[in-house]
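Undergrad: Let's see this in three dimensions:
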Amino acid sequence: MKKTFWVLTFFLTTIFIHGQGCSDAGICSVGNGFKPTGNVLKNNVEIATVFGAGKSDITYFSPYISFSRKINNAFSLGCKVTFSTANGNFGTRASFGDAYLIGNYTFKERKNKQWSTLMGWKFPFTSSNKKINGYSLSLDYQSSLGTFDLFLGANLKYRKWDFNASIQIPVFNNNKNSYFKEFSGTGDFPSTNLFVRKSDALLRVTHTIKTVHQKVIFKPNILFIYHLGEDSYETIFSNRETIPDSDGLTINGNLIATYNFDTRNSIELSLATPFVVRAVRPDGLTRKYVIGVQYNIIF
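TA: Numbers count the residues shown, from 1 in each chain. Modelled structure (predicted):
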C-alpha cells in the first residue's frame, strides 16, 4: 500500500509540471457530507490550508475552517469560511473570501447503494474589487467572485465508488470589479469590469481504497466541470460583451490520502491538477496545481 501511495503521488507531481489551469468556483468542495459512524459523534471541525500556483506566476495561500453538525442519522448541516492571499507581479492581496452554508440529507443504505443530496449557499465577503495602491486587479487576485450562489447536488455511493453530480448557480451578482486590460500594462488577464459569471455543472467519480486496519485511506477521483455559458463584462463604453470561449469543459485529477490517528482525529493530504481546461478563464480560477492539508476533529 505504501508503494501504491508513493507511485500515485509521484504520478500527480509529475503532471503538475505540465498543468495549465483549473476552474472551481466552490462546486468541487461542497460534495462531502458529515458521515461519522455511530450516534455519539455529532460534530466535525476541519482546519485546512491550500497552496496553489496560477497564471503569470501568481501563488495562492488559502486557509479555511469549517464546522458541521450531525442533526440526526440522516441530516447534517455545515458551514465554512475561507481566506485567500494572492501574490504576483502586481503585488500581494489578502482578504476573506466566502462563507458556505450546506445541508446534506443521507438516505438509508440498501443493497450496497446509498443516496445523499445536498443544498447550500455561498456568500461573498467582498465585491471582487480589491485594489493594490489604488490600481484595479484582475479576478486572479481576488479572494471571491462576489456572487451569492446556490448549490444543488446528489451522490450515489456503491461499494467503494462514489458518483457525485451537482450544479452551482449564481443567483445574485455583487461583482464590482473594475479591471481593464487596456489600462493594466499587461495582456495576461482579460478585462472583467462588472463581471457576470455563468453556472457550473459537475460530475465526480471517486474510488476509495482502505488499508487493512483503515488507518490510511486513498481516494483518487476525477472531476468533470462544465461551465454552462460564456461570461461577460462591461466595456469602457458601458456596453456588455461576452467573453468568447469562456464556456466549456475542465477535467481535474485529484488524489486524497487520509491518515486516521484514531476514531476522532485524522489528517488529509490532497493533490490536484487539471488535464483539460477551458480556452479562456476570465474568472481568475486558473491553477497549475493545488496542494491541500487538512486536519479533522470529530467529537
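
Undergrad: do you know how far V196 is from Y289?
TA: 28 Å (CB to CB, to the nearest Å). C-beta: built from backbone N, CA, C; applies to glycine.

Undergrad: the more surrounded of those two?
TA: Between V196 and Y289, Y289 has the larger neighbour count (other CB atoms under 10 Å), namely 20 against 17.

Undergrad: Now that one: phi and psi?
TA: phi -160, psi 160 (degrees, to the nearest 10).

Undergrad: surely S84 meets S62?
TA: Yes. With contacts counted by CB atoms under 8 Å, S84 reaches S62, the gap being 4.4 Å.

Undergrad: so what sits against both of those two?
TA: The contact sets of S84 and S62 overlap at G97 (CB atoms under 8 Å, 6 or more residues apart in numbering).

Undergrad: When those two are compared, which one has more neighbours?
TA: Each of S84 and S62 has its neighbours counted (other CB under 10 Å); S84 has more, 22 against 19.

Undergrad: The more buried one sits in which helix or strand?
TA: If you go by DSSP states H and E, S84 is part of strand 75-88.

Undergrad: Can you name the residues that contact I132?
TA: With CB under 8 Å, 6+ apart, I132 has these contacts: F90, G91, T92, R93, Y141.

Undergrad: switch to 10 Å and redo it
TA: G88, F90, G91, T92, R93, Y141 (CB atoms under 10 Å, 6 or more residues apart in numbering).

Undergrad: Please name the bridge partners of it.
TA: Y135 (DSSP bridges).

Undergrad: F148 now?
TA: Bridge pairing for F148 - DSSP bridges - gives F172.

Undergrad: Excluding chain neighbours, give the residue nearest to P63 in space.
TA: Among residues not flanking P63 along the chain, T49 sits closest, at 4.2 Å (CB to CB, 6 or more residues apart in numbering).

Undergrad: The one you found reaches L269, doesn't it?
TA: No. T49 lies out of contact with L269 (CB atoms under 10 Å); the separation is 11.5 Å.

Undergrad: which neighbours do these two share?
TA: Joint contacts of T49 and L269 (CB under 10 Å, 6+ apart) are I291, G292, V293, Q294.

Undergrad: Okay, and which of the residues you listed map to strands?
TA: Counted as lying in strands by DSSP state E, out of the shared contacts of T49 and L269, are I291, G292, V293, Q294.

Undergrad: mind listing what the third one touches?
TA: Contact criterion CB under 10 Å, 6+ apart gives I47, A48, T49, V50, F51, P63, I267, E268, L269, S270 as the residues in contact with V293.

Undergrad: lowest confidence element among the helices and strands of this protein?
TA: helix 2-16 (a mean of 46; mean pLDDT, DSSP states H and E).

Undergrad: Tell me where the model's unsure across this protein.
TA: Counting by pLDDT under 70, the ranges of the chain that qualify are 1-24, 31-40.

Undergrad: Which strand in it has the most residues?
TA: strand 91-106.

Undergrad: The following helix or strand past that strand versus strand 91-106: what angle between them?
TA: Note on strand 91-106: by DSSP H and E, the next helix or strand toward the C-terminus is strand 113-124. Going by axes from the mean of the first three to the mean of the last three CA atoms, to 10 degrees, strand 113-124 is angled at 140 degrees with respect to strand 91-106.

Undergrad: Now stretch 106-113 - C-alpha only, CSV.
TA: What follows is stretch 106-113, C-alpha atoms only, in CSV (Å, rounded to 0.1, in the frame of the first residue of the first chain):
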residue,chain,number,x,y,z
THR,A,106,-28.4,10.9,3.5
PHE,A,107,-30.9,8.1,2.8
LYS,A,108,-30.6,4.6,4.2
GLU,A,109,-28.3,2.2,2.6
ARG,A,110,-29.9,-0.6,0.6
LYS,A,111,-28.2,-3.4,-1.3
ASN,A,112,-24.8,-1.6,-1.1
LYS,A,113,-26.3,1.6,-2.5
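
Undergrad: Run the chain-centre distance for it.
TA: Relative to the chain's own centre, stretch 106-113 is displaced by 27 Å; criterion: CA atoms, centre = their mean, to the nearest Å.

Undergrad: next one: stretch 131-139
TA: Counting by CA atoms, centre = their mean, stretch 131-139 comes out at 24 Å from the chain centroid.

Undergrad: got the CA positions of it in PDB?
TA: This file holds the C-alpha atoms of stretch 131-139, laid out as PDB (Å, rounded to 0.1, in the frame of the first residue of the first chain):
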ATOM      1  CA  LYS A 131      -7.000  47.000  -5.200                       C
ATOM      2  CA  ILE A 132      -3.300  47.500  -4.700                       C
ATOM      3  CA  ASN A 133      -2.100  51.100  -4.400                       C
ATOM      4  CA  GLY A 134      -5.300  52.200  -5.900                       C
ATOM      5  CA  TYR A 135      -4.900  50.100  -9.100                       C
ATOM      6  CA  SER A 136      -7.700  47.700 -10.100                       C
ATOM      7  CA  LEU A 137      -6.800  44.000 -10.100                       C
ATOM      8  CA  SER A 138      -8.000  41.100 -12.200                       C
ATOM      9  CA  LEU A 139     -10.100  38.400 -10.800                       C
END
